[in-house]
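Asks: Provided below are the primary sequence and the corresponding predicted coordinates.
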Amino acid sequence: MENIIEQDDYIVKKRRHELIDDIVYMSPAPSVKHNKIMLKISFEFEHYLRGKKCSVNVGVNVFYNPDKPKNHVIPDISVMCEPEKFKPNGYYGAPSLIVEIVSTNRKDDLITKFNLYERIGVTEYWIVEPLSDSINQYILVDGRYKLIETYQHLSPEDIELMDEDEQEEHKLFVKPTIFDDLEIPLEYIFGE
């Protein structure tokens, strides 16, 4: 007798998916802009972290619950600073920083993953909005995420229309709180 696989089982096994609190979340194929932003941000972290203890990872399984070893997420970008938590199939624990680039499954990034990352103790979480060229930066304070900055990429023409005070306040670089001297230019992230 042949071994028959149910269609749903086949799809789950073949497609990229995450298992969050025992619920399967399918990940849609990312857009071209999503991929470009992901590569640019990860490249900046890779360049900065070269030779340091922390590492940047793209699309790595993060196993966050030792009581439910199959539960995992696959963040777009993760910065991990505890190399001993790596195993051949992924990382076991909470990354220091996670970047999620919002795609068609907005609710997953804005609610489901936000709540999960807060709960498991991810120190810093960035939500990148490709449609508005913006980044919301959250840090963990007393076990809850606090929005500390919203970065908005603007064209030189839009910046020129601002008054002097607005131009001074407008941020041109994203600065992760976990690294004092790293600045990533918004123009590099969102520019063509």
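Replies: Structure's in. What do you need? Numbers count the residues shown, from 1 in each chain.
Asks: drop to CA atoms for contacts and neighbour counts, all remaining ones
Replies: Fine.
Asks: distance check, the residue nearest the centre of the chain against H34.
Replies: Centroid-nearest residue in the chain: V99, 1.7 Å away (criterion: Cα atoms, centre = their mean). Per Cα to Cα, to the nearest Å, V99 is found 12 Å from H34.
Asks: past the helix or strand that contains D158, which element shows up next along the chain?
Replies: Secondary structure from DSSP states H and E places D158 in helix 156-160. Downstream of helix 156-160, the next assigned helix or strand under DSSP H and E is helix 164-169.
Asks: export that next one as CSV, just CAs?
Replies: Taking Å, rounded to 0.1, in the frame of the first residue of the first chain, the C-alpha atoms of helix 164-169 are listed here in CSV:
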residue,chain,number,x,y,z
GLU,A,164,14.4,74.5,10.0
ASP,A,165,13.2,73.0,13.3
GLU,A,166,11.5,70.1,11.6
GLN,A,167,14.6,69.4,9.5
GLU,A,168,16.7,69.3,12.7
GLU,A,169,14.4,66.9,14.3
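Asks: output the top helix by length along the chain as CSV, nothing but the C-alphas.
Replies: Using DSSP state H, we find that the single longest helix of the chain is helix 32-49. Provided in CSV are the C-alpha atoms of helix 32-49 (Å, rounded to 0.1, in the frame of the first residue of the first chain):
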residue,chain,number,x,y,z
VAL,A,32,10.9,42.3,-4.2
LYS,A,33,10.9,45.5,-2.1
HIS,A,34,10.6,43.3,1.1
ASN,A,35,13.7,41.3,0.0
LYS,A,36,15.7,44.4,-0.9
ILE,A,37,15.0,46.0,2.5
MET,A,38,15.8,42.8,4.3
LEU,A,39,19.1,42.4,2.4
LYS,A,40,20.2,46.0,3.0
ILE,A,41,19.5,46.0,6.7
SER,A,42,21.1,42.6,7.2
PHE,A,43,24.2,43.7,5.2
GLU,A,44,24.6,46.7,7.5
PHE,A,45,24.4,44.5,10.6
GLU,A,46,26.7,42.0,9.1
HIS,A,47,29.3,44.6,8.3
TYR,A,48,29.1,46.1,11.8
LEU,A,49,29.2,42.8,13.6
